[in-house]
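J.: any chance you can model this:
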Amino acid sequence: MRGVEPVEALRRIAFLLERAHEPTYRVRAFRNAADVVERTSPGELADRVRDGTLTALPGIGKVTALVIEEALRGETPVYLRRLEATEGEPLEEAAAALRAALKGDLHTHSDWSDGGSPIREMAETARSLGHEYLALTDHSPRLKVANGLSADRLRRQLDVVAELNEELAPFRILTGIEVDILEDGTLDQDPDLLDRLDVVVASVHSKLRMDRVAMTKRMVTAIANPRVNVLGHCTGRIVKAGGRRGGLRPESEFDAALVFDACAAYDVAVEINSRPERLDPPKRLLRLAVEAGCRFAIDSDAHAPGQLDWQSYGCERAARCGVPESRVVNTLPADDLVAWARSKP
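T.: Numbers count the residues shown, from 1 in each chain. Below you'll find the model as predicted:
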């Protein structure tokens with residue numbers, strides 16, 4: 001596609017969003033921005049782009065400002081290109097293609113913590129589903145209700161995984177943990193032990209109703225930790241009653257734009273949690289993470305072998321929200337995935 005004028009780009013985006021049955025407020029944001037640009041002289045727009053003050057115009061936000069800037073440079077805005085690229089592609093086909101691209105799962109549990117099956121059974125099931133690897137991420141010690149692993153138990157588990165990897169090769173069990181993010185943003189495990197792991201998923205499991213500012217600081221502090229690779233189920237919500245977690249749970253409150261900007265800056269993948277009762281993050285936040293330039297991990301959060309096949313739910317949501325395959329870290333081969341995970345200083 002050749003470049004388009006800002007008003008044309010904004011209205012085309014609104015049209016494509018509307019046709020895709022996206023929420024009215026998202027469509028309205030782009031249409032309102034188009035109206036503002038149409039009323040603003042080209043000279044003022046150019047001055048505001050130069051000075052970085054586009055968002056001072058009423059109705060122009062961070063995302064619409066970027067669309068305007070890219071269009072004024074003679075480019076087709078990235079947001080529009082992404083929508084055009086998926087136009088006409090059935091959602092089922094896009095989701096299936098993304099599922100086929102996944103080479104592993106970065107968030108799973110065994111009977112060492114609150115899962116229902118041995119490590120071997122989880123690994124063999126993952127292999128039967130076509131995976132090349134499975135990250136074993138049992139809980140950390142503070143989560144006693146989930147039989148979280150003490151440092152000593154985690155060390156013993158590493159020995160078990162090493163033995164299994166010899167038997168199951170070329171399939172690979174990646175060593176990992178779902179580590180609790182404590183109230184001050186520190187991680188619930190020995191830092192030296194975290195350094196030995198292939199993949200670290202960090203999640204909030206306690207005091208989910210913290211003040212918005214405090215929760216944001218807590219999450220950003222963890223994201224900045226060099227051993228964190230994936231931010232797990234970021235809102236903590238439960239949207240489907242019953243099952244292993246009982247009742248419904250509202251989303252935690254935090255500054256999502258700031259959290260996702262931190263994920264992009266520190267190269268931490270935002271988890272697309274595929275559990276039917278979680279489906280976390282919500283679609284509006286998943287789109288925000290896409291726009292922030294984040295990487296993603298589409299994970300099952302499986303606690304039993306049959307749940308490993310739940311990744312298709314996450315792939316459907318990823319396709320619906322325009323997550324590029326190139327930004328999904330578990331499409332990488334095992335060696336490349338581990339190299340990425342260990343690349344942080």
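J.: chain center to stretch 44-61: distance?
T.: 30 Å (CA atoms, centre = their mean, to the nearest Å).
J.: what segments of the stretch 51-200 of the chain are helices?
T.: The residue ranges that make up the helices of the stretch 51-200 of the chain, judged by DSSP state H, counting those that start in this stretch, are 62-72, 78-86, 91-101, 119-128, 151-168, 191-194.
J.: quick check: residue 297 is in a strand.
T.: Yes - Residue 297: assigned to a strand according to DSSP: H, G, I helix; E, B strand; the rest coil.
J.: surely it touches residue 273?
T.: No - if you go by CB atoms under 8 Å, residue 297 and residue 273 don't touch, sitting 9.2 Å apart. All C-beta spots, glycine's among them, are computed from the backbone N, C-alpha and C.
J.: intersection of neighbour lists for the two?
T.: Common contact partners of residue 297 and residue 273 (CB atoms under 8 Å, 6 or more residues apart in numbering): residue 107.
J.: what's near enough to touch the most centrally placed residue in the chain?
T.: Compute the mean C-alpha point of the chain, and by CA atoms, centre = their mean the closest residue is residue 270, 2.4 Å away. Contacts were defined as CB under 8 Å, 6+ apart; by that measure residue 270 touches 230-231, 234, 260, 263, 281, 286, 289, 294-297.
J.: low pLDDT regions in the stretch 101-250 of the chain?
T.: Counting by pLDDT under 70, the ranges of the stretch 101-250 of the chain that qualify are 241-246.
J.: burial measure for residue 331, as a count.
T.: Around residue 331 there are 19 other residues, counting by other CB atoms under 10 Å.
J.: where does it fall, phi/psi-wise?
T.: Recorded main-chain torsions at residue 331 are phi -90, psi -10, according to degrees, to the nearest 10.
J.: and the longest strand for the protein?
T.: In the chain, taking DSSP state E as the definition, the longest strand is strand 172-180.
J.: what angle do that strand and helix 119-128 make?
T.: Strand 172-180 and helix 119-128 meet at an angle of 120 degrees, taking axes from the mean of the first three to the mean of the last three CA atoms, to 10 degrees as the criterion.
J.: strand 172-180 packs against which elements?
T.: Packing contacts for strand 172-180, counted by 3 or more CB pairs under 8 Å, 6 or more residues apart in numbering; DSSP states H and E, involve strand 104-108, strand 133-136, helix 151-168, strand 199-203, helix 334-341.
J.: what pairs with the second one, and is each one parallel or antiparallel?
T.: Next to strand 133-136 in the sheet, as set by DSSP bridges, lie strand 104-108 (parallel), strand 172-180 (parallel).
J.: please identify the most buried of those.
T.: Mean neighbour count (mean count of other CB atoms under 10 Å) peaks for strand 104-108 among the strands paired with strand 133-136, with a mean of 29.
J.: chain center to that one: distance?
T.: Taking the mean C-alpha point of strand 104-108 and that of its whole chain, the gap between them comes to 13 Å (CA atoms, centre = their mean).
J.: confirm residue 220 sits in a helix?
T.: Yes - per three-state DSSP, residue 220 lies within a helix segment.
J.: how about it: what's its closest non-neighbour residue?
T.: Setting aside the residues directly before and after it, residue 220 is nearest to residue 262 in space (CB to CB, 6 or more residues apart in numbering), at 4.7 Å.
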